[in-house]
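>>> Sequence plus predicted model, see below.
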Amino acid sequence: MTKTNAAPKEENRIVRYFRDTRAEIAKVTWPTREQGLRLSGIVLLITAVSTVVLFAVDSLFAFLIGSLIQAL
């Protein structure tokens, strides 16, 4: 009877990736529903304000460039 010292089978990289990913997700502290809604509202508000500011700046530059072209 021979004794074999075979190395353990190498784990599939994809399986290891998903196993590690699941372990990391288990460590995450997820926000409560109220926190998630509040933070989503803040993001939407900042997005809306940024949109208005960028529109105003774009309109100002468009007006200035248009005036400059007509003056030539």
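That came in fine, so what should we check first?
>>> CA only for contacts and neighbour counts going forward, please
Noted.
>>> Quickly find the element holding the residue nearest the centre of the chain.
For the chain, residue 43 is the residue whose C-alpha lies nearest the centre (CA atoms, centre = their mean; 12.3 Å). For residue 43, the host element (DSSP states H and E) is helix 33-71.
>>> okay, the lowest-mean-pLDDT helix or strand in the chain in PDB with CA atoms only?
Using mean pLDDT, DSSP states H and E, the weakest-scoring helix or strand in the chain turns out to be helix 13-27, at a mean of 93. Provided in PDB are the C-alpha atoms of helix 13-27 (Å, rounded to 0.1, in the frame of the first residue of the first chain):
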ATOM      1  CA  ARG A  13     -10.700  31.100  -9.000                       C
ATOM      2  CA  ILE A  14     -14.300  32.100  -9.800                       C
ATOM      3  CA  VAL A  15     -15.600  30.100  -6.900                       C
ATOM      4  CA  ARG A  16     -13.000  31.700  -4.600                       C
ATOM      5  CA  TYR A  17     -14.000  35.100  -5.900                       C
ATOM      6  CA  PHE A  18     -17.700  34.700  -5.100                       C
ATOM      7  CA  ARG A  19     -16.900  33.100  -1.700                       C
ATOM      8  CA  ASP A  20     -14.600  36.100  -0.800                       C
ATOM      9  CA  THR A  21     -17.200  38.600  -2.100                       C
ATOM     10  CA  ARG A  22     -19.900  37.000   0.000                       C
ATOM     11  CA  ALA A  23     -17.700  37.200   3.100                       C
ATOM     12  CA  GLU A  24     -16.900  40.900   2.500                       C
ATOM     13  CA  ILE A  25     -20.600  41.700   1.900                       C
ATOM     14  CA  ALA A  26     -21.400  40.100   5.300                       C
ATOM     15  CA  LYS A  27     -19.000  42.500   7.000                       C
END
